[in-house]
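Enquirer: Sequence and predicted structure below; questions after.
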Amino acid sequence: MKPTMMRDECLRTLARHYTNQLVVSVYTTCFEWLAICPKALNYVSVGAMGQAGSHALGLALGRPDQEVWVLDGDGSLLMNLGCLVTLAGASPPNLTHFVFQNGCYEANQSMPLPVATPIDFAAIARGAGVPSALRIADTETLDQWLRSRGPASGPTVVDLAVRSSAQAYPQRYDHIHSAAAREDFRQALRARPGAGARR
Amino acid sequence: MTPAPTTDSPPLSGRAIIDGLHATGIEFVVSVPDVCTSSGLLQPISSEPGLRLVRVCKEDEGVSICAALSFCDRRAILLMQQTGLMDSLNALRAVGVDYQNPVCMVIGLLGHEGGTDLRQSRSFGVRVIPEVLEAMGIRYCVLNVDADILAAMEAIAQAYSLSAPIAILLGRNPA
């Protein structure tokens, strides 16, 4: 599936459908998302490469009343592929894991992944037991899917084939590692309806 | 909550540890199975009302899950073996130490001779653990008998009040 969409186009499509989701994002995708959709519920404190899906699972289990999006990279997810099995086992219906697949470690001089051919993350997710997984390579299909999807019965993985964005975005490393970013998210989450409720 | 040891009870009781977790407000247990704790702790936790067990494939997932749950004001422990601790050091460094999150770990010690000084253990994998935790700036305590559980509960409460990681090392296998 040859990508026709640039990553920031894809993120703008997601932003149009944004309705107070908790959004966990990483590296270049994170910097672009912060510029395109700067919201208090952006969770930028992933800390270690590969851990986005695990942070998102914690949020999804801790706040089952909130929808959680993960904006992950292909290289990042490959560092923690087991998280898809964990996701399938925990099976939170409020978590959608988007994988932005560009075939390289873009934050590291765009060094290639170990394999040059596209990776079928949707097939990997299905094989891991995730009930809903799909591949999308253009913004029209993504927009249509976001419009038409109904309530989920389990987690969803969306494998997005993208090209790198043409535009450069500020690389806000100081922000993503800051105590202020963590505290702002914590307070924003506490302010959401349903805070303090228990299972 | 912590029962007094009797001559009939094991030195470290899984039941007493679970009661301590309840008393400390723990709701989630995130775990990779460990031969030291599977029968005495993980198995009873799997059917314990009020505790949700999240089975993970690798221990560093648990570091992140516990940290994220704390943002939701939910308390969790990561139950694992010391080998999992060693495998999770980068996540723990970033998510626990750099980001000052309350990641609470309960750690079985594979190869340890129960109840003896960890630093004198015949197992290098055990002897090195206190120094690794000290190098990481992570506080720890050792559970050898049920009477130690109160201190562990206080350590967990302190981890949440200080927003810092804590390691609770199981000097014996709970039964």
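Expert: Yes, it's here.
Enquirer: which residues touch stretch A:126-143?
Expert: For stretch A:126-143, the external contacting residues (C-beta atoms under 8 Å, 6 or more residues apart in numbering or on different chains) are A:1-5, A:9-10, A:13-14, A:16-17, A:81, A:84-85, A:87-89, A:91, A:120-123, A:125, A:145, A:152-161. C-beta coordinates here come from the backbone N, C-alpha and C atoms, glycine included.
Enquirer: can we see that at 6 Å?
Expert: A:1, A:3-5, A:9, A:13, A:84-85, A:88, A:122, A:125, A:154-161 (C-beta atoms under 6 Å, 6 or more residues apart in numbering or on different chains).
Enquirer: just how off-centre is it within its chain?
Expert: Computed by C-alpha atoms, centre = their mean, to the nearest Å, the chain-centroid distance of stretch A:126-143 equals 13 Å.
Enquirer: need the residues of chain B near chain A, please.
Expert: B:54-58, B:61, B:64-65, B:68-69, B:71-72, B:74, B:90-91, B:94-95, B:99 (C-beta under 6 Å from any C-beta of the partner chain).
Enquirer: for residue B:141, phi and psi?
Expert: Backbone torsions for residue B:141, taken as degrees, to the nearest 10, come to phi -140, psi 160.
Enquirer: That one reaches residue B:153, doesn't it?
Expert: No: between residue B:141 and residue B:153 there is no contact under C-beta atoms under 6 Å: 10.2 Å.
Enquirer: distance of the closest residue to residue B:163 other than its chain neighbours from residue A:187?
Expert: In this structure, residue B:163 finds its nearest non-sequential neighbour in residue B:100, 4.9 Å apart by C-beta to C-beta, 6 or more residues apart in numbering or on different chains. Residue B:100 sits 16 Å away from residue A:187, taking C-beta to C-beta, to the nearest Å as the criterion.
Enquirer: between those two, who's got more neighbours?
Expert: Of the pair residue B:100 and residue A:187, residue B:100 is the one with more neighbours under other C-beta atoms under 10 Å in any protein chain shown, namely 14 against 10.
Enquirer: any idea how far residue A:107 is from that one?
Expert: In terms of C-beta to C-beta, residue B:100 sits 24 Å off from residue A:107.
Enquirer: what does residue A:69 give?
Expert: In this view, residue A:69 and residue A:107 are 20 Å apart by C-beta to C-beta.
Enquirer: Neighbour count: these two, which is higher?
Expert: Set residue A:69 next to residue A:107 and count neighbours by other C-beta under 10 Å: residue A:69 wins out with 25 against 19.
Enquirer: Quick one: residues in contact with stretch A:61-78.
Expert: Stretch A:61-78 is contacted by residues A:21-27, A:29, A:33, A:49-50, A:52-53, A:56, A:59-60, A:92, A:94-101, A:105, A:194, B:69, B:72, B:74 when judged by C-beta under 6 Å, 6+ apart.
Enquirer: Which ones among those lie within strands?
Expert: In strands, judged by DSSP state E, the following of the contacts of stretch A:61-78 are found: A:22-25, A:95-101, A:105.
Enquirer: and which of those is nearest residue A:174?
Expert: Distance to residue A:174, by C-beta to C-beta, is smallest for residue A:25 among the ones in strands among the contacts of stretch A:61-78, at 16.1 Å.
Enquirer: Spit out the contact partners of that closest one.
Expert: Residue A:25 is in contact with A:33, A:71, counting by C-beta under 6 Å, 6+ apart.
Enquirer: Just the pLDDT for it.
Expert: Note for residue A:25: predicted pLDDT of 98.
Enquirer: same thing with residue A:196?
Expert: Listed pLDDT for residue A:196 reads 76.
Enquirer: before we move on, what SS does it have?
Expert: With DSSP: H, G, I helix; E, B strand; the rest coil as the basis, residue A:196 sits in coil.
Enquirer: which non-adjacent residue is nearest it?
Expert: Among residues not flanking residue A:196 along the chain, residue B:73 sits closest, at 7.0 Å (C-beta to C-beta, 6+ apart).
Enquirer: Quick check: the one you found vs residue A:189, distance?
Expert: Distance, residue B:73 to residue A:189, using C-beta to C-beta: 9 Å.
Enquirer: Compare the two (neighbour count), which wins?
Expert: More crowded of residue B:73 and residue A:189, by other C-beta under 10 Å: residue A:189, with 21 against 15.
Enquirer: any idea how far residue A:11 is from that one?
Expert: Using C-beta to C-beta, one gets 22 Å for the distance from residue A:189 to residue A:11.
Enquirer: ditto for residue A:179
Expert: Residue A:179 sits 26 Å away from residue A:11, going by C-beta to C-beta.
Enquirer: quick one: pLDDT of the residue nearest to residue A:19 when sequence neighbours are not counted?
Expert: Nearest non-adjacent residue to residue A:19, counting by C-beta to C-beta, 6+ apart: residue A:67, 7.7 Å away. On pLDDT, residue A:67 comes in at 97.
Enquirer: Please apply the same query to residue A:160.
Expert: Looking at residue A:160, its pLDDT reads 98.
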